[in-house]
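Novice: Here's a sequence, model it:
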Amino acid sequence: MDGDLGRWRRCLLSGAVFAVCMTGTTLPTPLYGLYQEKFGFSELTVTVVYAVYAFGVIGVLLLAGNASDSVGRRPVLFWGLGCAAASAVCFLCATALGWLYAGRLLSGLSAGLFTGAATAYVMELAPRGGASRATFVATAANMGGLGCGPLLAGVLAQYADRPLYLPFAVHLALVALSAAVLLRLPETVRERRPPTSVRPQRPGLTPQVRAVFGPAAAASFVGFALFGVFTSVSPAFLAQSLDVRNHAVSGLVVALAFFASTAGQLAVGRVGMSRSLPLGCAGLLAGLALLAGALRWDLLTLVVLSAVVGGAGQGLAFRGALTAVAAASDAERRAAAISALFVVAYAGISVPVIGVGLLAESIGLEGAGLVFIACMALLVSIAGAYLLRRPTAAPEAEAEADRVR
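Specialist: The predicted structure is shown next:
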């Protein structure tokens, strides 16, 4: 029992380190309006600054998504914390737009180093037979950390001095504490190879992973695209259309989407793995519909409901997707398979968001949002219809994941 308790303690500590890293990636969300006032850039520039982060994530996942399978989890996570610290320093030193680009790129590099490696690390530190709960710890740390970023920055920006500095100083201190925690955690990769063994990889998948990857990736793409729009342009929509200029409220609305995602992941145990992906797609569709209503009628209530319903749908779908992909992959290829799923997910954060920014220049923010919603609704409807006809064998996949543990 003590051994299991010790392993769960290490699992939770690694999840906390994961959450701290992801918190830094969303810290600027409620601050973009202040940066616009300071540097005088457009809404399109906001979406590009935001998307630079996603390009950093995707670049790392493609070039070194399998690095932790070779050199070990801890070295890769230390590099990720280093990039997170450097990102915070860039924002602390920001005197021009270029600093924001650099900070977002470094933030993306930190997230890219963490996503596959930290998810695998959290699962491997858990006791044998605990794969399902460990998957929840990993995905909850990811989404919970993303939600804490805008909430922390929004509260500090609204109620404390130096709103463009204090959030990043606090995060820098948390990164230092996380590095100290990581020093005390064990390595889980038994056969480590030198860094020269790491090679750039295309997101190749084994046949057993391909069988579940398509619908899982489609649902992940839409869920992350919804989050991308919330984190990049919802503060501007709240300020311009609803006259909500309280940074704490803007940060809370964005955070609700991520916290609802965590709740959706927790509900998977009750819903069942085989139903989580199609139900998640339904939740995403409902969230998109509520967001369309919010854009059409300028109602804050519908924005909040969209964040909660869409976030819960994303959580259901993403935990089901992650469990299916992780369980279908071999142990030595697990981080690479997880990284491939995140490549698709972060493409959802970047490409549609830039599209919204481009359209907003010509048809306005509300019109661009409605075009985005129509496209994402079509994609998630196709994925949901496919899953209803050919559901994933999630119960068997979860059992296999526990046997791998």
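
Novice: which stretches of the chain have low pLDDT?
Specialist: 1-2, 201-204, 335, 391-405 (pLDDT under 70).

Novice: all helices for it, in order.
Specialist: Under the criterion DSSP state H, helices of the chain are mapped to 2-26, 32-39, 43-64, 67-71, 73-92, 97-125, 131-159, 166-183, 207-241, 247-271, 273-297, 300-328, 334-389, 394-404.

Novice: Residue 189 is nearest to which of those?
Specialist: helix 73-92 (6.0 Å; C-beta to C-beta). Using the backbone N, CA and C atoms, a C-beta is placed for each residue, glycine as well.

Novice: which helices and strands sit right next to the closest one?
Specialist: Contacts defined by 3 or more C-beta pairs under 8 Å, 6 or more residues apart in numbering; DSSP states H and E place helix 73-92 against helix 2-26, helix 67-71, helix 97-125, helix 166-183.

Novice: got CSV for those helices, with mean neighbour count and distance to residue 250 too?
Specialist: Below are those laid out as CSV (neighbours: other C-beta atoms under 10 Å; distance: least, C-beta to C-beta, whole Å):
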stretch, mean neighbour count, distance to residue 250
helix 2-26, 20, 12
helix 67-71, 25, 35
helix 97-125, 25, 18
helix 166-183, 18, 13
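
Novice: Compute the number of surrounding residues for residue 59.
Specialist: 18 (other C-beta atoms under 10 Å).

Novice: ok, for it, nearest residue in space, not its chain neighbours?
Specialist: Spatial nearest neighbour of residue 59, chain neighbours left out: residue 112 (6.8 Å); criterion: C-beta to C-beta, 6 or more residues apart in numbering.

Novice: Quick one: residues contacting the one you found.
Specialist: 56-61, 64-65, 80 (C-beta atoms under 8 Å, 6 or more residues apart in numbering).

Novice: Could you do residue 287 as well?
Specialist: By C-beta under 8 Å, 6+ apart, the neighbours of residue 287 are 226, 306-307, 309-314.

Novice: ok, now how distant is the nearest residue to it once chain neighbours are set aside from residue 69?
Specialist: Nearest residue to residue 287 in three dimensions, chain neighbours excluded: residue 310, at 2.1 Å (C-beta to C-beta, 6+ apart). Distance of residue 310 to residue 69, given as C-beta to C-beta, to the nearest Å: 33 Å.

Novice: Over to residue 6?
Specialist: From residue 6 to residue 69 the distance is 25 Å (C-beta to C-beta).

Novice: re earlier: the residue nearest to residue 287: neighbour count?
Specialist: Around residue 310 there are 31 residues (other C-beta under 10 Å).

Novice: repeat for residue 296
Specialist: Neighbour tally, residue 296, other C-beta under 10 Å: 12.

Novice: residues in contact with it?
Specialist: So residue 296 contacts 366, 370 (C-beta under 8 Å, 6+ apart).

Novice: got it, and residue 246?
Specialist: residue 158.

Novice: mind checking how far it is from residue 43?
Specialist: Counting by C-beta to C-beta, the gap from residue 246 to residue 43 is 20 Å.

Novice: One more: residue 192?
Specialist: Counting by C-beta to C-beta, the gap from residue 192 to residue 43 is 46 Å.

Novice: So between these two, which is more surrounded?
Specialist: Shown here are residue 192 and residue 43; by other C-beta under 10 Å, residue 43 has more neighbours (22 against 16).

Novice: Touching, the more buried one and residue 358? I think so.
Specialist: No. Contact criterion C-beta atoms under 8 Å: residue 43 and residue 358 do not qualify, at 10.0 Å.

Novice: Neighbours of the closest residue to residue 155 other than its chain neighbours, how many?
Specialist: Using C-beta to C-beta, 6+ apart and skipping residues adjacent in sequence, the residue nearest residue 155 is residue 248, 4.9 Å away. Other residues lying near residue 248 total 17 when counted by other C-beta under 10 Å.

Novice: I figured residue 248 hits residue 153, correct?
Specialist: No. Residue 248 is not in contact with residue 153 according to C-beta under 8 Å; the separation is 9.3 Å.

Novice: shared neighbours, those two?
Specialist: Joint contacts of residue 248 and residue 153 (C-beta under 8 Å, 6+ apart) are residue 30.

Novice: Okay, residue 176 and residue 214: tell me how far apart.
Specialist: 41 Å.

Novice: Oh, that last question was meant for residue 337, not what I typed.
Specialist: 14 Å.

Novice: How about residue 333?
Specialist: 18 Å.

Novice: next one: residue 366
Specialist: 32 Å.

Novice: How about residue 206?
Specialist: Residue 206 is 14 Å from residue 214, by C-beta to C-beta.

Novice: same thing with residue 228?
Specialist: In terms of C-beta to C-beta, residue 228 sits 21 Å off from residue 214.

Novice: And for residue 140?
Specialist: 25 Å.

Novice: higher neighbour count, those two?
Specialist: Just comparing residue 140 and residue 214: by other C-beta under 10 Å the higher neighbour count belongs to residue 140, 24 against 14.

Novice: Go ahead and confirm that one touches residue 264.
Specialist: No. Using C-beta under 8 Å, residue 140 makes no contact with residue 264, being 10.2 Å away.

Novice: Determine the residues that are contacts of both of the two.
Specialist: With C-beta under 8 Å, 6+ apart, residue 140 and residue 264 have no common neighbours.

Novice: Quick check, residue 267 in contact with residue 317.
Specialist: No. Using C-beta under 8 Å, residue 267 is not in contact with residue 317; the gap is 11.5 Å.

Novice: And these two? Which one has more around it.
Specialist: Taking other C-beta under 10 Å, residue 267 and residue 317 do not tie; residue 317 has more neighbours (34 against 16).

Novice: which residues touch the more buried one?
Specialist: 219-220, 223, 264, 276-277, 279-281, 283-284.

Novice: Among these, which pair sits farthest apart?
Specialist: Longest span within the contacts of residue 317, C-beta to C-beta: 220 and 279, 14.9 Å.

Novice: Which of the two has more residues huddled nearby?
Specialist: residue 220 (29 against 22).

Novice: I am assuming the more buried one contacts residue 347, so please confirm or correct that.
Specialist: No. Contact criterion C-beta under 8 Å: residue 220 and residue 347 do not qualify, at 9.5 Å.

Novice: Many thanks, have a good one.
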